[in-house]
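Q: below is the sequence, then the predicted model.
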Amino acid sequence: MKFTETHEWVDETKEFAPVGITTYAQQELGEVVYVELPQVGKKVEKGQEMAVLESTKAASDIYSPCAGTIVEVNQRLKEEPGLINQDPQGEGWILKIKLTEPKDAAKLLDEAAYQALVKGK
Amino acid sequence: MRTTLYPYHLELGAKMGTFAGWEMPLWYQSATVEHLAVRHKAGLFDVSHMALFEVSDEKQLEWLTPTLFSNKLDGSVTYTLLMDENGGVKDDILVYKWSANRFWIVANAANREKVRAHLSKWMEVEEKEMAILALQGPETEKFHPIPHKMSFVTNSNGYVVSGTGYTGEKGIEIFLPPDQATALFRKWVEQGATPCGLAARDTLRLEKGFALWGHELSESIAPEESVAAWVLKNRDSPYLGQGGIKPRLHPVSFVLQEGIAREGAPLFLGEKEVGKVTSGTFSPCLKQGIGLGLVTDNPDHVMIRGKKMPLKLVTLPFV
């Protein structure tokens, strides 16, 4: 699993790589009450906005960790947006991307680097 | 800045955020749970960041607001608007009338300095250092008796207690020495009141359609244009800034089938932009987006991130 400085995670080891937000991110955001999901089949660039999480307080953009094509969205979030709070790095995944170049993910933060980033805040 | 309850908020696991320079609880475990606790049971807020002033000049207070305090009983609490010279609103305030020459004014934390300066131009002002707790919800009486709505009393501990709040539920606000506030807050939490943060405070007030200064009220919004226009009725003598801003807009309240419209989102009637959202959130009771707007014509949709979302106009309160 790799991480971004904007608090997304991606499991780059899967062919269809799930993407979500980190445990830290969901704590900061508070309860997610609504999720705006993208169309399946959409192509995204690294850093491009691709979904929106609405918490009780504010809307937050989710940025793509890597270039690729969105192949699936987590339909359960439409009825149960709170999954993102309950299990952000598991059942609360947001969408899956087929990475254009899986090797690119190596440039993202590993767990230790991400934890260091969060602790520095 | 921190209220005296800060260490206890941390002990309760609050997620803190900065509001008007104050580090306040945004939520403890869940803003939705807190919201629903206030609607169905009892929730407890630390609102000690709010500003409290004492003044003595009834005539000047009647000049600075559209309210006639000489008609009010001692022991009454009145919601009113602190007007500026140009016809806008400096702040919305609660005025506690002790007697014809003693009043307390509760103002928004964000407007503390401005309100003090404005009042000082017209009268002597003393700022009071008090902790303020709000206990709100249908089960409030399990914890403390409730004075009549919009009135206040002094309880057996010498604390001032009013039948007021910002949630639309039965409840009290209580003023006490800061060094005694944590003990009382802790006692009520241990007896079962749910500690609540500012996130729930905002969703609770919005479900009732209550104005928030900086959103529905400001120096550039005529009070006649606001959801607080009802304050202006029954005033036939002049007051500061009266009519200074020509009303051009009117408030609307709406619900969405999908999405959440936030402050600043443009409201449309067909292709024509008719105004903006002043406050918007997801209603924990209705489980849908709700909002207030300020418009020239009634809108039929709101633009959220470039997407047209249909809206339905409804009357207040939402809940």
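A: Perfect, I can see it now. Residues are numbered from 1 along each chain as shown, chains lettered A, B, ... in the order given.
Q: show me what contacts the nearest residue to residue B:316 once chain neighbours are set aside?
A: Leaving aside its sequence neighbours, residue B:316 sits nearest to residue B:209 (CB to CB, 6 or more residues apart in numbering or on different chains; 3.3 Å). In short, each C-beta sits where N, CA and C put it, glycine included. Residues near residue B:209 by CB atoms under 8 Å, 6 or more residues apart in numbering or on different chains: B:227, B:253, B:292, B:316, B:317, B:318.
Q: ok, so of these, who is nearest chain A?
A: residue B:318 (15.2 Å; CB to the nearest CB).
Q: look up how far residue B:254 lies from that closest one.
A: For residue B:318, the distance to residue B:254 (CB to CB, to the nearest Å) stands at 9 Å.
Q: then residue A:80?
A: Residue A:80 is 26 Å from residue B:254, by CB to CB.
Q: more crowded one of the two?
A: When residue A:80 is set against residue B:254 and neighbours are counted by other CB atoms under 10 Å in any protein chain shown, the residue ahead is residue B:254, at 25 against 15.
Q: burial of the closest residue to that one other than its chain neighbours, as a residue count?
A: Once flanking residues are discounted, residue B:254 sits nearest to residue B:311: 4.2 Å by CB to CB, 6+ apart. Neighbour count of residue B:311, defined by other CB under 10 Å: 26.
Q: check which helix or strand covers residue B:311.
A: According to DSSP states H and E, residue B:311 maps onto strand B:307-313.
Q: name the surrounding residues that touch that strand.
A: Applying CB under 8 Å, 6+ apart, the contact partners of strand B:307-313 are B:252-259, B:261, B:267-268, B:291, B:298-303.
Q: remind me what the top helix by length along chain B packs against, helices and strands.
A: For chain B, the longest helix by residue count, based on DSSP state H, is helix B:178-190. Applying 3 or more CB pairs under 8 Å, 6 or more residues apart in numbering or on different chains; DSSP states H and E, one finds that helix B:178-190 contacts helix B:6-11, strand B:43-46, strand B:131-136.
Q: mind redoing it with 10 Å?
A: Packing partners of helix B:178-190 (3 or more CB pairs under 10 Å, 6 or more residues apart in numbering or on different chains; DSSP states H and E): helix B:6-11, strand B:43-46, strand B:131-136, strand B:171-176, strand B:194-196.
Q: so which of these is nearest chain A?
A: Closest among the helices and strands packed on helix B:178-190, once you apply CB to the nearest CB, is strand B:194-196, at 12.1 Å.
Q: direction included, what does that closest one pair up with?
A: strand B:43-46 (parallel) (DSSP bridges).
Q: just the CA atoms of the partner strand, as CSV, please.
A: Below are the C-alpha coordinates for strand B:43-46, written out as CSV (Å, rounded to 0.1, in the frame of the first residue of the first chain):
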residue,chain,number,x,y,z
GLY,B,43,-26.7,17.6,24.7
LEU,B,44,-24.2,19.8,26.4
PHE,B,45,-22.1,22.5,24.8
ASP,B,46,-19.3,24.7,26.0
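Q: list the buried ones in it?
A: Neighbour counts using 16 or more other CB atoms under 10 Å in any protein chain shown place B:43, B:44, B:45, B:46 of strand B:43-46 among the buried residues.
Q: hang on, the third one packs against residue B:37?
A: Which is residue B:45. No: judged on CB atoms under 10 Å, residue B:45 makes no contact with residue B:37 at a distance of 11.1 Å.
Q: list residues touching both of these two?
A: B:136, B:193, B:195, B:196, B:200 (CB atoms under 10 Å, 6 or more residues apart in numbering or on different chains).
Q: how about CSV for the residues you listed, with neighbour count added?
A: Formatted as CSV, the shared contacts of residue B:45 and residue B:37 follow (neighbours: other CB atoms under 10 Å in any protein chain shown):
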residue, neighbour count
B:136, 29
B:193, 26
B:195, 25
B:196, 28
B:200, 31
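Q: and the two most separated of these?
A: B:193 and B:200 (12.9 Å; CB to CB).
Q: identify the contacts common to these two.
A: With CB under 10 Å, 6+ apart, residue B:193 and residue B:200 have common neighbours B:37, B:38, B:43, B:45, B:136.
Q: who's in contact with residue B:48?
A: By CB under 10 Å, 6+ apart, the contact set of residue B:48 is B:1-6, B:22, B:24, B:109, B:129-133, B:175-176, B:178, B:181, B:185.
Q: quick one: buried ones out of those residues?
A: B:3-6, B:22, B:24, B:109, B:130-133, B:175-176, B:181, B:185.
Q: which one of those residues sits closest to residue B:217?
A: residue B:109 (15.1 Å).
Q: residues contacting the closest one?
A: Taking CB under 10 Å, 6+ apart as the test, what residue B:109 contacts is B:1, B:19, B:20, B:21, B:22, B:24, B:47, B:48, B:49, B:50, B:51.
Q: could I get the residues you listed as TSV with pLDDT?
A: TSV is the format used below for those (pLDDT from 0 to 100):
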residue	pLDDT
B:1	97
B:19	94
B:20	94
B:21	97
B:22	97
B:24	98
B:47	98
B:48	98
B:49	98
B:50	98
B:51	98
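Q: quick check: residue B:217 touching residue B:224?
A: No: Residue B:217 lies out of contact with residue B:224 (CB under 10 Å); the separation is 11.5 Å.
Q: which of the contacts of residue B:209 count as buried?
A: B:227, B:253, B:292, B:318.
Q: what's the next secondary structure element after whichever helix or strand the second one is part of?
A: Spelled out, that is residue B:253. Residue B:253 belongs to strand B:250-256 when elements are defined using DSSP H and E. Following strand B:250-256 in sequence order, the next helix or strand is strand B:266-269 (DSSP H and E).
Q: just the CA coordinates of that following strand, formatted as CSV?
A: This file holds the C-alpha atoms of strand B:266-269, laid out as CSV (Å, rounded to 0.1, in the frame of the first residue of the first chain):
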residue,chain,number,x,y,z
PRO,B,266,-24.9,29.9,-6.9
LEU,B,267,-28.7,29.6,-7.0
PHE,B,268,-30.4,29.6,-10.4
LEU,B,269,-33.9,30.1,-11.9
